[in-house]
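Chemist: next one to model:
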Amino acid sequence: MKKAIKQSTLMSILNLTAVILTVFLAIFFFIVTSYNNKIVVMQQDKYNLTENAKRFIDGSAYLTDEVRSYAATGDKEHYDNYYNEINNLKNRETGVKNMKEIGITPSEANKIEEMSQLSNNLVPLEQNAMKMVEDGKNSDAISYVFGKDYQGNLIKIRELQNDFLNEIESRMQNTINKQKMLINILEVISYTFVLLVILSQVLTAIITKKKIIIPIKQVQNEMEELSKGNLSSDSDLEPDTSELGMLVFSLMETKGQLKKYINDIKEKLAQVASGNMDLKIDLEYIGEFSEIKDAMETIIDSLNVTLAQINQASDQVSAGADQMSEGAQALSQGATEQASSIEELSATISDISTEIKETASNAQTASLISRGMSEGMITSNEQMVALTRAMNEITTTSNEIEKIIKTIDDIAFQTNILALNAAVEAARAGDAGKGFAVVADEVRNLAQKSSEAVKNTTLLIENTMKAIDSGTKIADETALSLNDVVEKVEAVSKKVQEISDATDREAAAITQVTIGIDQISSVIQTNSATSEESAASSEELSGQAQILKQLVNEFKLKEEPFFN
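Modeler: Okay, here's the model as predicted:
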């Protein structure tokens, strides 16, 4: 058997390679993400440095603008704005502090220091100009802040500002470009690893198909042929030391072993078919196949024993045939006597069956009448329950009407009080309230009539409620009586139905008995005829037993068969 790498080892190597490549890909992806984040931070730092540099520059420009505006207009607001920037806002100092926190080069720090020094040199000039404005020398102050010395310092400051901004922009952009170049290199490496991962997966798929899937399909075909009983099919598979190779080796060994067993079984069965029972199985059957060998040996021994017993039984059959002939004659005579008795019994049972059927018909009619009464009583009980429910609803409605009447009574009472108050107010009004007094009297009369009507209505409702309560009690008592009657009628109906069912069962049983008696009569008559035939057949049986013995003697049996 040739040596070969195991499929499990090969798949482990391929999977490990894919895992390693995937890990490297993840590492480079993390590095690229980290550098991208750094670029974002650098761009933010670039923006913050530029903004704070502009804040520093704008702070200096703001002081210059406020001094010149104060010199030109003499407006005190510009004076206050100037010192607010110097003492409170401090945009220049804040901008320098923020830039140092973000990070600047020594060259940039020197430029900031030089700009600060030039800006500080302007402060005495600006303060002198503002003092001139306070002294009323606005034209001198304007000449001072727009003069050659002041303008020269401003030009130097602006040149330094432009150089400072350009240097920051150039430095930050160069750093960002270097980071982007490095990221591009890392992305190329990452794409290379992605390609390697894809290639490893393609290679894994190819190797899996060639080394595993195709051989497994071939083994599957071999197993299908084996399941169909084809042990002679040719196979291109070769056994080796791999898992599938060992599976192929086991399959070939199985086919070879099965062929040996089948050939041995075919040979032994052919000898049995030719009548040779004196056999011995020499081939060794391994594993659970040993049960086949045991079964074959058991069959051969059983056939030897059975044929020997048939030989002996043929003698006994011949002797017993004579005795059977005599018994058959006696059986024929007894069957004739039994047939006469069975006919008399069948006539008696037929009369009983007719009477039971009439009883069953009467019981069924009584059951139908009782069931109709039960259904009628149930319907009456349901109607009585509905009547009770309706009276309860009337009671509920009357209670609601009583509440409404109580409300109307309250309204009449309040209306009467209002009419009295209106009459009092009309009396106070004198002649002007006479017409209103008449209306108030009419309203009071109407309220009194409403109150009397409410009392009459309440009395009628109370009488109605008493009548309803009395009717409800009578309906409840009637419902209870109907329930009791329904229960008793149902009990009677159930008993009548049980009697009807029992009678039906008895009628069916009598019918079965009649059928059985007829069958027994038929069987007895048949036995009488058969017994006569048996006497003749027994003589023929004796001759057949002799023929059977001759046939058994044609088999070659073992010398000492085992008899159970």
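Chemist: need phi/psi at residue 228.
Modeler: Dihedral pair for residue 228: phi -80, psi 0, per degrees, to the nearest 10.
Chemist: quick one: name whatever helix or strand follows the helix or strand containing residue 37.
Modeler: Per DSSP states H and E: residue 37 is located in helix 7-73. Sequence order places helix 76-84 as the next helix or strand after helix 7-73, per DSSP H and E.
Chemist: packing partners of that following helix?
Modeler: helix 7-73, helix 106-134 (3 or more CB pairs under 8 Å, 6 or more residues apart in numbering; DSSP states H and E). Heads up, the C-betas are built off the backbone N, CA and C, glycines and all.
Chemist: dump these into JSON lines; add mean pLDDT and distance to residue 469 as well.
Modeler: Below are these laid out as JSON lines (pLDDT from 0 to 100; distance: least, CB to CB, whole Å):
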{"stretch": "helix 7-73", "mean pLDDT": "87", "distance to residue 469": "90"}
{"stretch": "helix 106-134", "mean pLDDT": "88", "distance to residue 469": "107"}
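Chemist: wait, which of these is closest to residue 289?
Modeler: Shortest distance between residue 289 and the helices and strands packed on helix 76-84, using CB to CB, is found for helix 7-73: 30.1 Å.
Chemist: and that closest one, how far out from the chain's middle?
Modeler: Counting by CA atoms, centre = their mean, to the nearest Å, helix 7-73 is centred 48 Å from the centre of its parent chain.
Chemist: likewise stretch 287-303?
Modeler: Using CA atoms, centre = their mean, the offset of stretch 287-303 from its chain centre is 54 Å.
Chemist: all helices for the protein, in order.
Modeler: Residue ranges of the helices in the chain, as given by DSSP state H, are 7-73, 76-84, 91-102, 106-134, 138-145, 148-208, 214-227, 243-273, 290-429, 434-552.
Chemist: could I get the ones you listed in a markdown table, plus columns for mean neighbour count?
Modeler: Output for the helices of the chain, formatted as a markdown table (neighbours: other CB atoms under 10 Å):
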| stretch | mean neighbour count |
| --- | --- |
| helix 7-73 | 16 |
| helix 76-84 | 15 |
| helix 91-102 | 17 |
| helix 106-134 | 16 |
| helix 138-145 | 18 |
| helix 148-208 | 14 |
| helix 214-227 | 14 |
| helix 243-273 | 14 |
| helix 290-429 | 14 |
| helix 434-552 | 15 |
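Chemist: what is the helix holding residue 37 packed up against?
Modeler: Applying 3+ CB pairs under 8 Å, 6+ apart, we find helix 7-73 packed against helix 76-84, helix 91-102, helix 106-134, helix 138-145, helix 148-208, helix 243-273.
Chemist: quick one, domains of the chain?
Modeler: Domain assignment for the chain by the TED database gives 7-201, 292-554.
Chemist: adding distance to residue 262, write the ones you listed out as a markdown table.
Modeler: Listed next are the domains of the chain as a markdown table, based on distance: least, CB to CB, whole Å:
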| stretch | distance to residue 262 |
| --- | --- |
| domain 7-201 | 32 |
| domain 292-554 | 10 |
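Chemist: looking at those domains, which is closest to residue 227?
Modeler: Of all the domains of the chain, domain 292-554 comes closest under CB to CB, at 18.2 Å.
Chemist: mean confidence for the closest one?
Modeler: The pLDDT scores in domain 292-554 average 71.
Chemist: next one: stretch 259-267
Modeler: Mean predicted confidence for stretch 259-267 is 81.
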